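Asks: quick one: sequence plus predicted model below, questions after.
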Protein chains: 2
Amino acid sequence: MNWETLARELAQPTDSKIILLVMDGLGGLPVNGQTELEAARKPNLDETARRGVCGLTDPVLMGITPGSGPAHLSLFGYDPLHYQLGRGILEAMGSGVEVGREDVVARGNFATLHRGLVVDRRAGRILSEENVRLCQLLNQKLPEINGIKIRLFPGKEHRFVLKLSGPGLSDALTDADPQKEGKPAVPARALTPEAEFTAGLVNQFLEELKTVLAAEPKANYALLRGFSKFPSHLPSMPALYQLQPAAIANYPMYRGLTRLLGMEVLEVGPQTGDIFSVLEKNYGRYNFFYLHYKKTDSAGEDGRYEDKIKAIEEIDAFIPRLWQLKPEVLVITSDHSTPSVLKSHSWHPNPFVLVSDRAPADEVSRFTEKDCARGSLGRFPALQAMPLMLACALKLKKFGA
Amino acid sequence: MNWETLARELAQPTDSKIILLVMDGLGGLPVNGQTELEAARKPNLDETARRGVCGLTDPVLMGITPGSGPAHLSLFGYDPLHYQLGRGILEAMGSGVEVGREDVVARGNFATLHRGLVVDRRAGRILSEENVRLCQLLNQKLPEINGIKIRLFPGKEHRFVLKLSGPGLSDALTDADPQKEGKPAVPARALTPEAEFTAGLVNQFLEELKTVLAAEPKANYALLRGFSKFPSHLPSMPALYQLQPAAIANYPMYRGLTRLLGMEVLEVGPQTGDIFSVLEKNYGRYNFFYLHYKKTDSAGEDGRYEDKIKAIEEIDAFIPRLWQLKPEVLVITSDHSTPSVLKSHSWHPNPFVLVSDRAPADEVSRFTEKDCARGSLGRFPALQAMPLMLACALKLKKFGA
């Protein structure tokens, strides 16, 4: 028995409300002795720390740097070591491609084939506009095979997402990619008997694609990698937690992931204030709100230390609007750290603060990495954040007698 | 490999002694800014915190509110998510019914049957005295069936515990209860082939019970739920830890559970001082002592904040008697929290202090929730308390070379 089984047994519906604000990539490392959080002027985040109970979370395990997928799964109470999202799924979500529970998706490259050999795995990095034209052409010429709908979604340069929709599809396929240049093209191979149908379909598609693209100077072939389905056994948040959850997120990846978890994904504009307006407008209709703020991560990824500080200060001004809603539980944290000095995600734990009448404040009065380390919650796996939020909202019954 | 396998490999018998005092439901939430522990005058508990190393434990997982069964299992080093106690077992233990390792127990209701339909699932909530008479009657008329001994133990109003004793019994049965009134009585159904014998026996018992109770105006039938055995694979503490453990507990639930774990359950009076007298009298005969103090939990469950403070102050006066015994390890903690404001068990972590020559004191000088949060042990799963206690008593060998 694990948390998921427990959740099914113990979750109970109540009207109490939970707001979870994720400041993406929030944690940092010092520059001239101060992390971004330490350098920022953020009176409202600090006041939240003063009112709440603080800690630090590890998204997966100490030392593991997570992608956005695993980091978010963990925060929502899904073990990221158990539920792994395939590369195709992540690419699709990152590109804003909607993926249904029956669909199979893959990452695609346009490539150059010469006498049966893959001579350029990126088709000379064709222009993105060319890519759009090729995808439109293929979608028009090859709309379906054997009753399975086929759609290509262009990405940057030579990249695209392939989506197959229809009954009986499996993602247990090897890559249709020799991985190295100068080698012959390889078909996708089924890894299970159930995947034979999909393998046949993919290989027929590649053959027909060759015909359609025969006249193209560079992009006359395609490589397909990371065939994946959404994990079929991944339960939805409403089923698991008896919640009515809503996601307020502007970026495709987070919208895609939360939609697949059964959240209602609300439309939200690109301004920071939009997050809060959408929350206020929909506050009566749901009882779990996931708010996603991207700017902290974007600045971190680019190594823009000052901009990350500004991103923190910018959202700080809106925090009192969360207080005013008086949710039973308010959590402000991050999915993973993105220190500007590393210009990438990192393994450092996330500052975490929870405000609830049923969680007496500790002595932490600043919302920083070091201060949260001294909070009453201690250092804990992000996977335990969801049980904690549900408990403080009285949404969990007693376990055993 | 988990802790249990480790324990079997590493545990070694020594004369060193461990005292574990469980102040049931100790942790609380603030009333006028102070938890019960913060408000209580408890110089000896504070002195214990000063001498020892402190922390906070989560009985199951953060956010999970445990019943007394799972919470105690965890403290004794048994994973409560792995070893689940059936409802029948818990009811039996709570009623003071001794359950052997081969017995099957169930919760029973006297009920009213009319023309084959269950018209009252509680037989009009008959008086407890009536219940006693009916159980005696049935125990006399139906002492056994097919070599299996049958015993009914009366509870409050219409409730009783059914115990079946004999070889070959299984608890893989569905409830003999339609769950709703106005529906026909249902027999117990075997969930495995091995349970067919027990199902047949239970259903024959219900038929014969109908005959015995035919003339009763209300209580002319019985519903049986939660058939359960003690988990057969649950190892005993002496086998697992090479200990001679004794339990000093006055309440049936804790006596039943510790007996099933292989502890010697000592007789103890209802006064707080009795716990300590029994300990002192038996100190030479065992090397692990579990002391259970119920008053903190009872006051918390009833919402009696002031009484919970008094319960803490009452036992505080006896703490020096534990010091005087100079055990190699002294732990004072709780199984779960029971804040008076919630009038129930809760998910909040337990204050924990361990005193041992081999556990250097940290800087904590008050035994409260917040102070323990700053202790050197940090916040940790209660399941790790047992390894820690055994280690400090030098009862665990090295793992690996």
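Replies: Everything's here; your move.

Asks: and the residue in the stretch 201-350 of chain A that chain B sits nearest to, what does it touch?
Replies: Closest approach between the stretch 201-350 of chain A and chain B, counting by Cβ to the nearest Cβ: A:Val329, at 10.8 Å. C-beta coordinates here come from the backbone N, C-alpha and C atoms, glycine included. With contact set as Cβ atoms under 8 Å, 6 or more residues apart in numbering or on different chains, A:Val329 has these partners: A:Ser16, A:Lys17, A:Ile18, A:Ile19, A:Leu354, A:Val355, A:Ser356, A:Met389, A:Cys392, A:Ala393.

Asks: what does the stretch 301-401 of chain A put close to chain B?
Replies: Contact residues (Cβ under 8 Å from any Cβ of the partner chain) of the stretch 301-401 of chain A with chain B: A:358, A:360, A:362-363, A:374-380, A:384, A:386-392, A:396-401.

Asks: which of those are buried?
Replies: Neighbour counting by 16 or more other Cβ atoms under 10 Å in any protein chain shown classes A:358, A:360, A:362, A:375-380, A:384, A:386-392, A:396, A:398-401 among those as buried.

Asks: stretch A:242-255 and chain B in contact?
Replies: No. Between stretch A:242-255 and chain B, judged by Cβ under 8 Å from any Cβ, nothing touches; the nearest distance is 14.3 Å.

Asks: now the end-to-end length of that stretch.
Replies: Length of stretch A:242-255, first residue to last, Cα to Cα, to the nearest Å: 20 Å.

Asks: centre of the chain to it, how far?
Replies: Centroid displacement of stretch A:242-255 relative to its chain, using Cα atoms, centre = their mean, to the nearest Å, is 10 Å.

Asks: try stretch A:146-156
Replies: 22 Å.

Asks: and chain A, which residues reach chain B?
Replies: So chain A meets chain B at A:1-3, A:6, A:10, A:358, A:360, A:362-363, A:374-380, A:384, A:386-392, A:396-401 (Cβ under 8 Å from any Cβ).

Asks: now do the helices in the stretch 51-200 of chain A.
Replies: For the stretch 51-200 of chain A, applying DSSP state H, counting those that start in this stretch gives helices covering A:68-75, A:87-94, A:128-141, A:196-212.

Asks: now render the ones you listed as TSV, adding mean pLDDT and distance to B:Glu181.
Replies: Below are the helices of the stretch 51-200 of chain A laid out as TSV (pLDDT from 0 to 100; distance: least, Cβ to Cβ, whole Å):
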stretch	mean pLDDT	distance to B:Glu181
helix A:68-75	95	44
helix A:87-94	83	49
helix A:128-141	96	61
helix A:196-212	97	52
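
Asks: pretty sure A:Leu127 is touching A:Pro154, no?
Replies: No. The criterion here is Cβ atoms under 8 Å, and A:Leu127 misses it with A:Pro154 at 10.7 Å.

Asks: what about the two, which has more around it?
Replies: A:Pro154 (22 against 12; other Cβ atoms under 10 Å in any protein chain shown).

Asks: what pLDDT does the more buried one get?
Replies: The score at A:Pro154 is 95. That number is its pLDDT.

Asks: ditto for A:Phe230
Replies: 83.

Asks: and A:Gly256, by the same measure?
Replies: Confidence for A:Gly256, expressed as pLDDT, is 85.

Asks: and it, which of the three is it?
Replies: helix (DSSP: H, G, I helix; E, B strand; the rest coil).

Asks: quick check: the residue of the stretch 301-401 of chain A found nearest chain B vs B:Asp79, distance?
Replies: Residue nearest to chain B within the stretch 301-401 of chain A: A:Pro387 (3.0 Å; Cβ to the nearest Cβ). In this view, A:Pro387 and B:Asp79 are 17 Å apart by Cβ to Cβ, to the nearest Å.

Asks: centroid-nearest residue for chain A?
Replies: A:Gly69 (3.7 Å; Cα atoms, centre = their mean).

Asks: gap between the two ends of stretch A:359-369?
Replies: Start-to-end, stretch A:359-369 (Cα to Cα) is 20 Å.

Asks: likewise stretch A:166-183?
Replies: OK, stretch A:166-183 end separation, Cα to Cα: 32 Å.

Asks: can you check stretch A:189-204 too?
Replies: Stretch A:189-204: ends 12 Å apart by Cα to Cα.

Asks: still on that earlier bit, not counting sequence-adjacent ones, nearest residue to the residue nearest to the centre of chain A?
Replies: A:Leu85 (4.6 Å; Cβ to Cβ, 6 or more residues apart in numbering or on different chains).

Asks: and what of A:Pro270?
Replies: Nearest to A:Pro270 is A:Asn250, by Cβ to Cβ, 6+ apart, at 5.9 Å.

Asks: same check, this time on A:Lys395
Replies: Using Cβ to Cβ, 6+ apart, the nearest residue to A:Lys395 is A:Thr14, at 5.4 Å.

Asks: give me the pLDDT for that neighbour.
Replies: A:Thr14 is given a pLDDT of 96.

Asks: separation between A:Ile89 and chain B?
Replies: 28 Å (Cβ to the nearest Cβ, to the nearest Å).

Asks: that residue touches A:Ser232, doesn't it?
Replies: No. If you go by Cβ under 8 Å, A:Ile89 and A:Ser232 don't touch, sitting 11.9 Å apart.

Asks: more crowded one of these two?
Replies: Using other Cβ under 10 Å, the more surrounded residue of A:Ile89 and A:Ser232 is A:Ile89, with 29 against 8.

Asks: so what's that one up against?
Replies: A:Val99, A:Val105, A:Ser228, A:Lys229, A:Phe230.

Asks: would you map out the domains in chain A?
Replies: As recorded under automatic domain parsing, the domains making up chain A are A:3-85+A:234-392, A:90-228.

Asks: and the end-to-end length of the shortest one?
Replies: The first and last residues of domain A:90-228 sit 9 Å apart, counting by Cα to Cα.

Asks: quick check: nearest residue in space to the residue of the stretch 51-200 of chain A found nearest chain B, chain neighbours excluded?
Replies: Residue nearest to chain B within the stretch 51-200 of chain A: A:Gly55 (8.1 Å; Cβ to the nearest Cβ). Counting by Cβ to Cβ, 6+ apart, A:Gly55 lies nearest to A:Leu377, which is 2.7 Å off, once chain neighbours are set aside.

Asks: phi first, then psi, for the one you found.
Replies: In terms of degrees, to the nearest 10, the main-chain angles of A:Leu377 are phi -80, psi -20.

Asks: B:Arg379 is in contact with that one, correct?
Replies: Yes. Contact criterion Cβ under 8 Å: A:Leu377 and B:Arg379 qualify, at 6.9 Å.

Asks: any stretches of chain A with poor pLDDT?
Replies: For chain A, no stretch is flagged by pLDDT under 70.
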